[in-house]
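Just to be clear, the model below is a prediction. Sequence and coordinates:
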Amino acid sequence: MVPMNDTHQNPLFAALNPAQQEALHRLNGPVMIVAGAGSGKTRVLTHRIAHLIATGVPPETILGITFTNKAAREMRDRVRALLFGNLAPSAREPLLATFHSLGVRILREFAPQAGLPRSFSIYDRADSLKIVKDSLRELGAEKQWEPRALLSAISRAKGDATTLSAYRDRAATPFEEIVVRVWERYENALQRTNALDFDDLLSRTLLLVESQTEIQQILQERWRYIHVDEFQDTNAVQYRLLRLLVGKEQNICVVGDVDQNIYSWRGASIRFMLNFESDFPGAAQIILEENYRSTQTIVAAANELISRNRNRIPKVSHSTNEEGSPVRLYAAYDEHDEAAFVARTIRERLQEGVASREIAVLYRANFQSRVLEEALLRVGVPYKVVGTRFFERKEVKDILSYARAALNPQSTADIARIANTPPRGIGKATLAALLAEREHTLAARARNAVASLRRDLKAVAAVLATEPASHAIRHIMELTGYLRMLEASKSEEDKERAENLKELVSLAAEYDHHAPPAGIEEMLAQAALESDQDTLRDNHEGVALMTVHAAKGLEFAEVFVVGLEEGLFPSYAGLNDASRDEEEERRLMYVAMTRAQKQLWLSWAQSRMLFGNRSVQAPSSFLSEIDPSYLEPVQAEEEAREPLRVIYLDE
């Protein structure tokens, strides 16, 4: 047990308000911190971890879990800064990781008990989607079913800790029956290639820890103090795993906000937070209500909106910041007028000295970005669409596939990807023979091409086993001639791709401190687990365009929330009245509003092109739930508006 030491003049407490300080005092037993938007939850978590170490808790016995690589890096950097600023530097550090990277770590350490090779591959969503498409093709059902819907169903089932056999037993509809048939082929493909998908990293970890009492005890003794960020986003598998990792002392501290639960569609459930005190008897509850991010006006408007939800832990956020400007509301003619207004306003803000990286445009659905991009291009405003992932670029995936295939020779997807990249004379027929291990049936020229590939992979495997990650990546590029091929090209696109590969070497250097091949394994895992937020670097330039879901956890000086129309936001897409979760849509709107620090802009269009048809739109019901005193309608000058479009309808 950690003693309640005297905190007088303790620098770790100096920057915290009373509620935050209480979180540092309650170091033993279960604690739930209800942290409103902008309430400094990351500060509390990192100070709490630093305080534990200051009281004598060994750093390596502390585990911190969050949901994105970006958040884990931020926590790690803050803890290091606090420790080195207030304590003697230590080579030992707490483990701060995402749920999925924690799963990778446990599965690699206990690979034999999990029935896996240590060098198992991790399939990203694109890899998984290809298997689903291939499975549908084998079944002759590719025209009847949408692959993404089937993959989502499989993912959701795994996230709910539902096995294939259990799903098969309850399957009652044609959709569920095709899910079963595809899932069977999907699992066979993963097993053949020694691969796990994104969801397996958690479900297989849960199965391992549940079934192996000895491993469970090892992990409980290893991590005596567990912290969980964004707790409202946990799904059934994550929650069950957490309960297994928490030892008899019940030293678990969770931080979250029911009002920001926006991922129920992928299995996250607010019930784990609502039931925390009954699942962990005697748990302390601490509520952080002071918002350090936004103006008083933005906080008050967001409070009024979210207060209409019933399934929540009551809290009223307040801000000690300035009152700030009213929330600006623009009613556009159509989506083109809306986009032109956003682009024009942003250009004016840039001219007034606001940095482009301090501005974000948020929307409910990805399709809304196209017209916004066109408008920003017209007025010369730089922008970045969040979600264009570095690790998904072709040239980057190609080089990483060489590494994955060298570590895991059963990874047929990676072998197929790099067999003729760069060109070495391996066509479809030769590739088929290679994958079927029938290369002895090939002509001499084709056999030589296959032999060349095998030599390259053997050489890569030797480098991965002995060289730091960055050296290994550079060696792959040189050995295969990939970088020379791009640099010799006269295409500007190829020159940019060459620069991306050089950036890949720089990124790999971050893993050089691991002994080979652990560094490259860690890098490959992080590449597979990259989230949309990880694409947005702290020093990025340009206005950020992203969905509200992707904006979770981020903040900007000025935020535009567009498309606030009934049916679009709140969205009714694919839902009927009975299944529609208006409270989650309202939580999503709350998240969107609370990303803004100084100025919030809301807009809607009276007409919008949806699915090829132009329809008349009604303003979002959420707009009527905000007190008009917080809103200020914006009227565009007529000459600045997008010209009205005349639409002729045949009788």
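Structure received.

Which parts of the stretch 151-300 of the chain are strands?
Here the stretch 151-300 of the chain has its strands, by DSSP state E, counting those that start in this stretch, at 195-197, 225-228, 252-256, 284-288, 290-291.

tell me which strands and helices the third one is in contact with?
Which is strand 252-256. When contacts are defined as 3 or more Cβ pairs under 8 Å, 6 or more residues apart in numbering; DSSP states H and E, strand 252-256 packs onto strand 31-35, helix 41-54, strand 225-228. (Each C-beta comes from the backbone N, C-alpha and C, glycine too.)

Report all helices and strands that the last one contacts.
For strand 225-228, the contact count by 3+ Cβ pairs under 8 Å, 6+ apart identifies helix 41-54, strand 62-66, helix 236-245, strand 252-256 as packing neighbours.

please redo it, this time with the cut-off set to 6 Å
Here strand 225-228 touches strand 62-66, strand 252-256, going by 3 or more Cβ pairs under 6 Å, 6 or more residues apart in numbering; DSSP states H and E.

coming back round to it: winner for burial among the helices and strands packed on strand 252-256?
Here the criterion is mean neighbour count by mean count of other Cβ atoms under 10 Å, and of the helices and strands packed on strand 252-256 the winner is strand 31-35, at a mean of 26.

Can you show me the CA trace of that one as CSV?
Provided in CSV are the C-alpha atoms of strand 31-35 (Å, rounded to 0.1, in the frame of the first residue of the first chain):
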residue,chain,number,x,y,z
VAL,A,31,-10.8,5.1,-8.3
MET,A,32,-13.1,6.4,-11.0
ILE,A,33,-12.3,9.9,-12.2
VAL,A,34,-15.2,11.5,-14.2
ALA,A,35,-13.4,14.0,-16.3
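
May I have the strands that pair with it, each with its orientation?
Taking DSSP bridges as the criterion, strand 31-35 forms sheet pairs with strand 252-256 (parallel), strand 284-288 (parallel).

Could you pull up the mean pLDDT of that strand?
What strand 31-35 shows for mean pLDDT is 96.

mind putting the strands of the stretch 151-300 of the chain in JSON lines, mean pLDDT included?
Formatted as JSON lines, the strands of the stretch 151-300 of the chain follow (pLDDT from 0 to 100):
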{"stretch": "strand 195-197", "mean pLDDT": "95"}
{"stretch": "strand 225-228", "mean pLDDT": "97"}
{"stretch": "strand 252-256", "mean pLDDT": "96"}
{"stretch": "strand 284-288", "mean pLDDT": "95"}
{"stretch": "strand 290-291", "mean pLDDT": "94"}
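
Minimum distance to residue 216: which of those has it?
strand 225-228 (13.6 Å; Cβ to Cβ).

Would you mind pulling the contact partners of that closest one?
With contact meaning Cβ atoms under 6 Å, 6 or more residues apart in numbering, strand 225-228 is reached by 45, 52, 62, 63, 64, 65, 246, 251, 252, 253, 254.

where do the strands sit along the stretch 451-600 of the chain?
543-547, 556-561, 596-610.

Next, format the ones you listed as JSON lines and append mean neighbour count and mean pLDDT.
As requested, these are exported to JSON lines (neighbours: other Cβ atoms under 10 Å; pLDDT from 0 to 100):
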{"stretch": "strand 543-547", "mean neighbour count": "24", "mean pLDDT": "94"}
{"stretch": "strand 556-561", "mean neighbour count": "23", "mean pLDDT": "98"}
{"stretch": "strand 596-610", "mean neighbour count": "22", "mean pLDDT": "95"}
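
Nothing else from me, thank you.
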